[in-house]
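Engineer: 3D, please:
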Amino acid sequence: MKSDYFKILPLSLVLFLFNTMVFAQNNGFVKEKWHWDNPAKQDSSAGYVQVVKVDNVLYISGVVTNEVTPKGITDVYRALEQSLNSFGATFQHVVKENLYTTDMEAMKKYNSYRKSFYKNDFPAATWVQISGLYMPEAKLEVELVAHLPKDQLN
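Structural biologist: Numbering: from 1, shown residues only. From the prediction side, this is the model:
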């Protein structure tokens, strides 16, 4: 009897793993996309989307600037604001911010321009100084994760 159990167990395990993989690949979640004024809602050449919404979470791709100055920082956060607004969100919905810069000292110096967009409701944040970004001339890139209220779901 014990030996029959072990003969059946591997088959059961294989069937369980197969079913898990099938359902994981087709788990029924919906990705909504927004990409500036692009009717395809994504950039095919670089292979990315500006905003992906899954359930009530917005994943916002990085926005870059070539200058870590008040104007450059303000331009980045205005573009991020447009990304948030594409699904009815604001900076008060942002829960995570990742900031990458080639000039951390300038970012610290002009941080007040960034902070003004959050209106004293700051997210969890990670700032990293790096040697370069995808666009070689870029000096700052900021990406966000935001949560929409459950009652704001489509």
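
Engineer: what residue lies at the spatial centre of this protein?
Structural biologist: Tyr59 (2.8 Å; CA atoms, centre = their mean).

Engineer: got the buried residues for the helix or strand that residue falls within?
Structural biologist: Per DSSP states H and E: Tyr59 is located in strand 57-65. For strand 57-65, the buried set under the neighbour-count rule, 16 or more other CB atoms under 10 Å, comprises Leu58, Tyr59, Ile60, Ser61, Gly62, Val63, Val64, Thr65. For the C-beta atoms, the positions are set from N, CA and C on the backbone; glycine is no exception.

Engineer: need the next SSE after that strand, C-terminal direction.
Structural biologist: helix 70-85.

Engineer: quick one: the strands in this protein?
Structural biologist: Taking DSSP state E, the strands of the chain run over residues 31-34, 51-54, 57-65, 94-101, 124-129, 140-147.

Engineer: extract the C-alpha trace of the second one and format it as CSV.
Structural biologist: Think strand 51-54. Only the C-alpha atoms of strand 51-54 are listed here, as CSV (Å, rounded to 0.1, in the frame of the first residue of the first chain):
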residue,chain,number,x,y,z
VAL,A,51,1.8,54.0,-16.9
VAL,A,52,0.5,50.5,-16.3
LYS,A,53,-2.5,50.1,-14.1
VAL,A,54,-3.3,46.7,-12.4
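
Engineer: tell me what that strand is packed against?
Structural biologist: Contact partners of strand 51-54 among helices and strands, from 3 or more CB pairs under 8 Å, 6 or more residues apart in numbering; DSSP states H and E: strand 31-34, strand 57-65.

Engineer: partners of the last one in the sheet?
Structural biologist: The one in question is strand 57-65. If you go by DSSP bridges, strand 57-65 pairs up with strand 51-54 (antiparallel), strand 140-147 (antiparallel).

Engineer: adding mean pLDDT as columns, could you present those strands in TSV?
Structural biologist: Formatted as TSV, those follow (pLDDT from 0 to 100):
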stretch	mean pLDDT
strand 51-54	95
strand 140-147	98
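
Engineer: just these: most buried one?
Structural biologist: With neighbours taken as mean count of other CB atoms under 10 Å, the strands paired with strand 57-65 reach their highest mean count in strand 140-147, at a mean of 21.
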